[in-house]
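Peer 1: Output the structure for:
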Amino acid sequence: MICPLITVYQNVWQRVMLALTSKRCGFHLKPGAKKSVLIFLIGIICIVFYATAISKNIGIIKPVIFGETMLSLAL
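Peer 2: Next up, the predicted model:
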């Protein structure tokens, strides 16, 4: 009784995977998508670097321009 159910689910799974991998899916990146993601990642890296630099353990930047409140708002 379990074997026919497995076969049915395998067939459904194969059809779903075929639909997702076919060119009929129509997934296209917008022209500015890569640039937008790059700018976002650079912003996150800058925030993490600044948070690390003003931390009490590292202390690279002594006069703290933005405190912990501004960093929590940025994240």
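Peer 1: Could you look up the SS state of residue 55?
Peer 2: coil (DSSP: H, G, I helix; E, B strand; the rest coil).
Peer 1: gap between residue 34 and residue 58?
Peer 2: Using CB to CB, to the nearest Å, we find residue 34 at a distance of 32 Å from residue 58. In this view, the C-beta of every residue, glycine as well, is placed from N, C-alpha and C.
Peer 1: before we move on, what about residue 33?
Peer 2: For residue 33 relative to residue 58 (CB to CB), the value is 34 Å.
Peer 1: where's the closest residue to residue 58 other than its chain neighbours, which helix or strand?
Peer 2: Excluding its sequence neighbours, the residue lying closest to residue 58 (CB to CB, 6 or more residues apart in numbering) is residue 52, at 5.6 Å. If you go by DSSP states H and E, residue 52 is part of helix 33-53.
Peer 1: buried residues in that helix?
Peer 2: Residues of helix 33-53 classed as buried: 50, 51 (neighbour count, 16 or more other CB atoms under 10 Å).
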